[in-house]
Structure formats: C-alpha cells, structure tokens
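Asks: give me a 3D structure for the following:
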Amino acid sequence: MSRARDAELDLVEVAPTSDPPVCRIMDYGKWLYEQKRKTREAHKKSSRHTATLKEIRLRPETDKRDLEMKLNHGREFLEKGHKVQFTMFFRGRQMLHRDRGYAVLEEITESLQDMAKIERPARMAHRRMTLLLVPK
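Replies: As a prediction, this is how the structure comes out:
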C-alpha cells in the first residue's frame, strides 16, 4: 500500500478521438520507461537475425589442415545464418594455376552442400576468385 502512495500517478488521455474521451490513471514515467525498454529489446532481437556477409580468405596452396579449419569457421557462420564468401587470392605465377583454385572451391562447396547453397558460383575477378554461399 505504501508503494502506491510513493508512485506519482497521472491522469493520461488514452483515446482522445472517442466520444467521450477515455482517460486512465497510471504512472506515466514508469509507462514511458517500459515502452523504451520494449523497443530496445525488439531492436536487439531484430539485429541479431540480420544476415551479414562473412569473408574467409584463402590461397591456392592453403594446406589441408588449414582448409579444414577455415571450413569449420564457414560452417559456424552458416549455422548462425550469415552469408559466407570464400575469397582466393592469387599472386605472381599462381595465376597460371587457376584450375587449382577452382578445385579447392569445388571441394568447399561439396563439403558444405548439406547446410549451404550457392548464391554465386566460383568466378575469377582480376587476381581473386570468389564463391558466395548462403544457408539453406
């Protein structure tokens, strides 16, 4: 009972267009605080589910074990709902062995095909080859 006396109660007009206008006795400051909290929570939840683009960088001579680690990172990103772009960089004479790059990216698509689909297949652009995967 003492808590109700401490709270500052206000007469708030709820529906001014109705006939007669509807008013309510409530703690307006508390109501404003709760509304702000609700919008903040809704914003947190909505930003959590936005799919962002995650990039994983490779080289044509990336070792098998390193490739497995990068695949695991890609798998984690896909599980969280992010898009994953695998980018392979070529330097100097590596440009002569583009087929090795296509083979590595093909291996990646085969290992992740259970949880991802190809949005943009592997293609060359200047000295980099990219592959874009999205979660199923």
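Asks: quick one, what contacts K54?
Replies: Contact analysis of K54 by CB atoms under 8 Å, 6 or more residues apart in numbering lists 74, 77, 82-85. Heads up, the C-betas are built off the backbone N, CA and C, glycines and all.
Asks: what do you get for R127?
Replies: For R127, the contact set (CB under 8 Å, 6+ apart) comprises 89-91, 95.
Asks: apply 6 Å and report the result again.
Replies: By CB atoms under 6 Å, 6 or more residues apart in numbering, the contact set of R127 is F90.
Asks: picking that back up, out of the contacts of K54, who's the most crowded?
Replies: Within these, most neighbours by other CB atoms under 10 Å means V84, with 25 neighbours.
Asks: how about the residue of the chain positioned farthest from its centre, secondary structure?
Replies: Relative to the C-alpha centroid of the chain, counting by CA atoms, centre = their mean, P20 is the outermost residue, at 48.4 Å. Assigned with DSSP: H, G, I helix; E, B strand; the rest coil, P20 falls in the coil class.
Asks: same deal with T109?
Replies: In three-state terms, and counting by three-state DSSP, T109 is helix.
Asks: need the strands for this structure, in chain order.
Replies: Counting by DSSP state E, the chain has strands at residues 10-15, 22-26, 53-58, 83-89, 116-125, 128-135.
Asks: can you put the ones you listed in a markdown table and add mean pLDDT?
Replies: Supplementary listing: those in a markdown table, determined by pLDDT from 0 to 100:
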| stretch | mean pLDDT |
| --- | --- |
| strand 10-15 | 89 |
| strand 22-26 | 91 |
| strand 53-58 | 92 |
| strand 83-89 | 93 |
| strand 116-125 | 89 |
| strand 128-135 | 92 |
